[in-house]
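> model this:
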Amino acid sequence: MSLARGLVDRPDQVELRSQPADGGTLFELKVAPEDVGKVIGRDGRTVNAIRTLLSVAAQRRGVKARLEVLDDRRAAAPAPPTEPPPVG
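The predicted model follows:
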């Protein structure tokens, strides 16, 4: 988690949760909305590098691990209407 804190402008908002999933551990990384791009990086290079480090560390321990970056910006967007508005 200190790796993620070193990448962002708001390190106090970095949260890392883990839960069992698919015979391994799923890590969910949450950062401030304005810091998501810093963690993901250009073309996903930064997050892929973090995932590689996590994968190597997990393999050395004989376990599986996966990392997901939670992006609250997507959840904040309003859902499109399901029905067209009435005409007239």
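
> pull the longest helix from the chain.
In the chain, with assignment by DSSP state H, the single longest helix is helix 45-60.

> report the mean confidence score over that one.
Helix 45-60 comes out with an average pLDDT of 96.

> kindly report the same for stretch 26-42.
Rounded mean pLDDT across stretch 26-42 is 96.

> that one: end-to-end distance?
Distance between the two ends of stretch 26-42: 23 Å, counting by C-alpha to C-alpha, to the nearest Å.

> how far is that stretch from where the chain is centred?
Centroid separation for stretch 26-42 versus its chain: 5 Å, with C-alpha atoms, centre = their mean, to the nearest Å.

> what comes into contact with it?
Defining contact as C-beta atoms under 8 Å, 6 or more residues apart in numbering, one finds that stretch 26-42 is touched by 1, 4, 7-10, 13-20, 46-50, 54, 65-73, 76. (Each C-beta comes from the backbone N, C-alpha and C, glycine too.)

> just these: which are in helices?
4, 7, 46-50, 54, 72-73, 76.

> if any of those residues are buried, give me the ChimeraX selection for them.
This is the ChimeraX syntax for the buried subset of the ones in helices among the contacts of stretch 26-42, where burial follows 16 or more other C-beta atoms under 10 Å:
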select :4,7,46,47,50,54
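
> now tell me what touches the longest helix of the chain from outside.
3-4, 7, 24-25, 27, 38-41, 64-67, 69.

> out of the residues you listed, which are buried?
Buried subset of the contacts of helix 45-60 (neighbour count, 16+ other C-beta under 10 Å): 4, 7, 25, 27, 39-40, 65, 67, 69.

> returning to that earlier point: inside strands: which ones of the contacts of helix 45-60?
Applying DSSP state E to these, the entries found in strands are 24-25, 27, 65-67, 69.
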